[in-house]
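> show me how the following folds:
(chains A and B)
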Amino acid sequence: MNSFLKINRLFFLFIFWVSVSPLWAGPADWSFLPSSTVFKSLIGDPREPLTGVIPYLDQLRYEGQVGGTLEMVRYSPSDDTQYAWGLFASAYILLGEDGATFPMLDGDFYIGTYFSGSFGDFAVRLEALHESTHLGDSFQTIQNGALQSFQVPLFYNQTVTYTRENANVTFSFQPTDSFRLYTGVGCWDLPLIEGVSDPVFASFGTEIYSPFWSIDNSAMRGYLTGSLQWKGDQNVWDTEVQLGLQWKTSKSFDRAIRMAILYYTGDSQFGQFYNVPDSHWALATFFDF
Amino acid sequence: MKRILICLFCFLGLTHAALADRWDFLPNETLFNPLIGDLREPQYGIVARPDQNNYDGAIGQSIELIQWQSNETTKWAWGIEGECFLQLTSTGAATYPLVVSDWYLGTYFSEKSGNFTNRLEYLHVSSHLGDSLIYTVERIIYSRESLRLTTSYDFSNNFRLYGGPCYWTHLSPDSSDPRLFFHAGAEIYTDYFHLFAGTHARGYLTYDVKVLGEAGGVVDQTFELGLQWRWKKDSHQSIRMAALFYSGNSEYGQFYQNADQFWGLGIFFDP
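Residues are numbered from 1 along each chain as shown, chains lettered A, B, ... in the order given. Predicted structure coming up:
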């Protein structure tokens, strides 16, 4: 049995435990399908499950992403701790531009489950994540009556099987509303990846916020995020910096609209181009729901 | 520069809206309740087709930006929606190649007066052939825009009817087929019953139909019989499990001319 199947079984056992625990728990300790998450979204992470549009400023390219997190069940004992289990899914699309048409270059899909906990200023999230990547159909062409592709989809390239099952854990420390630090480490499922020498990846990031100012009954603030991801298989640092505005109904609400100037450098986040360098500026709009 | 100006204009427009009285910014619930019987409604879900070895996935949601009350009985809302629908097939152990993916982006206005709710949508959809078929199936450049008006009436908490006309404002590939099409349906619910640990559930049955002029005339029908689970009766988040039957032409743009009929088992997450 490979390690992925072992991880799968452990997660299924844990999910089963979480699912049946409410049967004997007091209703005051548990809540189901809460509207917020215990572990707050990492808004500076380019692959957090969020919804947004990201037109590049220096290239004829557009990114779109749809996704969200559904916290299934939360356990809140009387002390200052909370635990939760949930699911998340997201889809990412990369489009080019050719006049009035926007050919698809890549589509990536993520689905996963997580357990999270918060302990005062500290929070932790353990994820099991499946990633798949698919070459856009705009690469298809017809040569001599036969269907061809300008680029071979990784699906067909048997020397490099791009399968991105992984387990990762992220620790977050937020001593004030204005400052957050986080770090994480993860591991690709080694037996399913051919030709990968180092299955470990790591992340570091920060979120810095200005004080809120009010717009009638709503609240707005500036923010700066920095995200660093180190991927051992490519030995590369992926870096993203965002400087923007976050607008909420009120200070305590999680729902927000963000607009930001974004700079990214590293290898592409899109799986079909995972070993291709990518640097770009963008003007992004995100909807944190 | 043009993009920046457009984005700033939208952002400042929202700012202006938030300054007005009786506005609710980023509300928790949409004014127009989602059409849970329509497989192309923004939602999160997975449908397994046991008789075809195919799987459908849905990732997306409506984002209601603002609601406002124009008088004692009427509320309005404006929002956007984005969703991705994908189909995977199974070719062996742990291998699920992508067959097709459809991407939607749209905006809507909705209105609620008493038991009537209305939603006017402008939707863009593009459909993309999966890379598993890139050497075997010739893609079409499928891109469409449509206007859709849906009127819904809640007879009670247990029964809802909806319907309305829709119009393709842009078709690619172009065609001389009628651009007007119709969408209608019904939702029937049982009363809530206690499930466990203070949670609630209810059974439901939905019927959804779309009558289109494309491909020589198409009637797409979906029947869904399932269970909707909520923590509290008035919670807007829910999980649904359902058996469903679909008959018509494929809803995936790349195969819109092909007949499609299947039984499915689905699980849906309504955020």
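> the chain: helices as residue ranges?
Let's take chain A. Taking DSSP state H, the helices of chain A run over residues A:3-20.
> you looked at the wrong chain, it should be chain B
Taking DSSP H as the test, the helices found in chain B are B:2-19.
> list the contacts of the residue nearest to the spatial centre of it.
Central residue check for chain B by CA atoms, centre = their mean: the C-alpha nearest the mean position is that of B:E41, 0.8 Å away. Shown here is B:E41, whose contacts under the criterion CB atoms under 8 Å, 6 or more residues apart in numbering or on different chains are B:34-35. For the C-beta atoms, the positions are set from N, CA and C on the backbone; glycine is no exception.
> and it, how far is that from B:T222?
When CB to CB, to the nearest Å is applied, the distance between B:E41 and B:T222 equals 11 Å.
> what's the answer for B:E251, then?
Using CB to CB, B:E251 is found at 9 Å from B:T222.
> hey, what's in contact with both of those two?
B:L39.
> mind showing which ranges of chain A have poor pLDDT?
Counting by pLDDT under 70, the ranges of chain A that qualify are A:1-28, A:155-163, A:190-197.
> can you show me the strands along chain B?
With strands called from DSSP state E, chain B shows them at B:23-25, B:44-49, B:54-69, B:74-89, B:98-113, B:116-129, B:142-156, B:159-172, B:180-189, B:193-194, B:200-212, B:218-230, B:238-249, B:259-270.
> now the second one, how far from the chain's geometric center?
A distance of 14 Å separates the centroid of the chain from that of strand B:44-49, by CA atoms, centre = their mean, to the nearest Å.
> and that strand, what does it pack onto?
Judged by 3 or more CB pairs under 8 Å, 6 or more residues apart in numbering or on different chains; DSSP states H and E, the packing partners of strand B:44-49 are strand B:54-69, strand B:259-270.
> those strands: which one's closest to A:S268?
For those, proximity to A:S268 was assessed by CB to CB; strand B:54-69 is nearest, at 20.8 Å.
> list the contacts for B:R49?
Contact criterion CB under 8 Å, 6+ apart gives B:55-56, B:262-264 as the residues in contact with B:R49.
> check A:A146 too.
Listed by CB under 8 Å, 6+ apart, A:A146 has no contact partners.
> tell me which residues touch whatever residue of the stretch 151-289 of chain A ends up closest to chain B, please.
Among residues of the stretch 151-289 of chain A, the one nearest chain B by CB to the nearest CB turns out to be A:P153. It sits 3.9 Å away. Counting by CB under 8 Å, 6+ apart, A:P153 makes contact with A:134-135, A:139, A:272, B:131-132, B:134.
> over to B:G37?
When the contact criterion is CB under 8 Å, 6+ apart, the partners of B:G37 are B:185-187, B:206-208, B:222, B:224.
> excluding chain neighbours, what is closest to it?
With CB to CB, 6 or more residues apart in numbering or on different chains as the measure, B:T206 is the residue that lies nearest to B:G37, at 2.8 Å, once sequence neighbours are left out.
> coming back round to it: turn the strands of chain B into TSV, including mean pLDDT.
Putting these into TSV (pLDDT from 0 to 100) gives the following:
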stretch	mean pLDDT
strand B:23-25	87
strand B:44-49	96
strand B:54-69	94
strand B:74-89	95
strand B:98-113	95
strand B:116-129	96
strand B:142-156	96
strand B:159-172	96
strand B:180-189	97
strand B:193-194	92
strand B:200-212	97
strand B:218-230	96
strand B:238-249	96
strand B:259-270	95
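> can you tell me how far the closest residue to A:F273 other than its chain neighbours sits from A:F270?
With CB to CB, 6+ apart as the measure, A:D106 is the residue that lies nearest to A:F273, at 6.7 Å, once sequence neighbours are left out. According to CB to CB, A:D106 stands 4 Å off from A:F270.
> overlap in contacts of those two?
What both A:D106 and A:F270 touch, as defined by CB under 8 Å, 6+ apart, is the set A:92, A:94, A:133.
> the second one contacts A:E63, doesn't it?
Read that as A:L94. Yes. Counting by CB atoms under 8 Å, A:E63 is a contact partner of A:L94 at 5.7 Å.
> any common contacting residues for the two?
A shared contact of A:L94 and A:E63, defined by CB under 8 Å, 6+ apart, is any residue touching both; here there are none.
> just give me the neighbour total for A:Q272.
A count of neighbours around A:Q272, defined by other CB atoms under 10 Å in any protein chain shown, yields 24.
> same thing with the one 3 residues further on?
Each residue near A:N275 was counted by other CB under 10 Å, and the total is 13.
> again with A:L60
Applying the criterion other CB under 10 Å, we find 11 residues in the vicinity of A:L60.
> find me the pLDDT at B:K2, would you?
B:K2 is assigned 47 on the pLDDT scale.
> ok so, going back, closest one to A:F287 out of the contacts of A:P153, please.
Out of the contacts of A:P153, the one with the shortest distance to A:F287 is A:H134. That distance is 24.0 Å, counting by CB to CB.
> tell me the contacts of the closest one?
Under the criterion of CB under 8 Å, 6+ apart, the contact partners of A:H134 comprise A:106-109, A:153, A:155, A:272, B:98, B:101, B:130-131.
> can I get the strands of chain B in a markdown table with distance to A:L147?
Output for the strands of chain B, formatted as a markdown table (distance: least, CB to CB, whole Å):
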| stretch | distance to A:L147 |
| --- | --- |
| strand B:23-25 | 50 |
| strand B:44-49 | 26 |
| strand B:54-69 | 22 |
| strand B:74-89 | 18 |
| strand B:98-113 | 16 |
| strand B:116-129 | 10 |
| strand B:142-156 | 17 |
| strand B:159-172 | 20 |
| strand B:180-189 | 32 |
| strand B:193-194 | 54 |
| strand B:200-212 | 29 |
| strand B:218-230 | 27 |
| strand B:238-249 | 24 |
| strand B:259-270 | 23 |
